[in-house]
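# kindly return the folded structure for what I paste below:
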Amino acid sequence: MLKISEFQVKDIVNVSDGKKLGSLADLDINLSTGAIEAIIVSDGSKLMGIFSKEADIIIPWHRIKKIGADVILVDYNTPNKY
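Numbering: from 1, shown residues only. Sure thing, here's the model as predicted:
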């Protein structure tokens, strides 16, 4: 078992490029099944919750590759910026 408080202190790292994405900000939970559908990652750049939607990254649960002692490894494809 893993508590949410233990989840929140882990760094979230993208396995495709090795970059730290941020830390756990929230969970998307399916209320019908109780399953976690996605994790919401904050890069820490938002100020007091202002403009938080732009800084958040939503990673579907199936993209989590490994939950380690200090990090959560995810397979996240960075959206193209034009």
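
# neighbours of residue 73, just the number please.
18 (other C-beta atoms under 10 Å). (Each C-beta comes from the backbone N, C-alpha and C, glycine too.)

# what about the helices in the protein?
With DSSP state H as the criterion, the chain has helices at 4-8, 52-55.

# by mean pLDDT, show me the worst of those helices.
Lowest mean pLDDT of the helices of the chain: helix 52-55, a mean of 56.

# check the gap between the residue minimising distance to the centre of the chain and residue 32 for me.
Nearest to the mean C-alpha position of the chain, by C-alpha atoms, centre = their mean, lies residue 41 at 3.5 Å. Using C-beta to C-beta, to the nearest Å, we find residue 41 at a distance of 24 Å from residue 32.

# can you tell me how far residue 9 is from residue 71?
Per C-beta to C-beta, residue 9 is found 10 Å from residue 71.

# for residue 14, that is, sorry about that
Look at residue 14 and residue 71: by C-beta to C-beta, they are 11 Å apart.

# the two: who's more crowded?
Between residue 14 and residue 71, counting by other C-beta under 10 Å, residue 14 is the more crowded of the two (20 against 13).

# so the more buried one sits right up against residue 43, yeah?
No: using C-beta atoms under 8 Å, residue 14 is not in contact with residue 43; the gap is 11.8 Å.

# count of neighbours near residue 24?
20.

# what sits against it?
By C-beta atoms under 8 Å, 6 or more residues apart in numbering, the contact set of residue 24 is 4, 7, 8, 10, 12, 39, 40, 41, 42, 72.
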